[in-house]
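A.B. asks: requesting a structural model of the entry that follows:
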Amino acid sequence: METPVPDLPHLTLILGGAASGKSAFAEGLVSGSGRARVYLATAQAFDDEMQAKLTLHRQTRGPGWRTIEAPLDLAPALGQASGQEAVLLDCITMWLSNHLLADHDPDMAQQALFAALDTCAAPVVMVSNEVGLSVVPENALARRFREAQGRINQRLAARADLVVNVIAGLPQVLKGHLP
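C.D. replies: Next up, the predicted model:
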């Protein structure tokens, strides 16, 4: 195990559209930190297509990651992370979707997430979709999701030490400095 790099920011937000390369970029940040790697997975496989996507993500990530599946309650996993680890939370978008589909209050869920992030001993790299660049959705649930996703991205960006937007695999630093 390499010596941990001390300059990995405490909180990093990686934004991007679908298939933009944001997860791969985030994985690279965590892997490059030299810390023990924790993958906090929020996706759920409700069909074969999603199961295949999750399997491909695991294979692409490779060995050396401790994976914790937490589709709704992130606080226990964040609370257990040590200062010698780096956490990749992938992704906020799926986590928010899970809460909305379960008919949970997204503001209450966000408050619990923010409290857990504030007390987490490990640096956390979060992946989230930028959904504000598309058309207005046609149905009420999709509009509710888009608004909630935009709000949480703004709140996370305000808290984060480093914010990066990834487009076509290319990172654009919006706030802070890459380690």
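
A.B. asks: quick check on P171: phi, psi?
C.D. replies: Taking degrees, to the nearest 10, you get phi -80, psi 140 for the backbone angles of P171.

A.B. asks: skip the chain neighbours and tell me the closest residue to it.
C.D. replies: V164 (4.8 Å; CB to CB, 6 or more residues apart in numbering). Heads up, the C-betas are built off the backbone N, CA and C, glycines and all.

A.B. asks: same question for stretch 79-88: list its buried residues.
C.D. replies: 81, 85-88 (16 or more other CB atoms under 10 Å).

A.B. asks: hmm, I typed the wrong one, I wanted stretch 128-144.
C.D. replies: For stretch 128-144, the neighbour count (16+ other CB under 10 Å) marks 128-131 as buried.

A.B. asks: what comes into contact with it?
C.D. replies: Residues from elsewhere that reach stretch 128-144 (CB atoms under 8 Å, 6 or more residues apart in numbering): 13-18, 22, 91-93, 100, 145-146, 149-150, 152-153, 156, 165.

A.B. asks: repeat that with 10 Å
C.D. replies: 13-18, 20, 22, 26, 89-97, 100-101, 106, 145-150, 152-154, 156-157, 165-167 (CB atoms under 10 Å, 6 or more residues apart in numbering).
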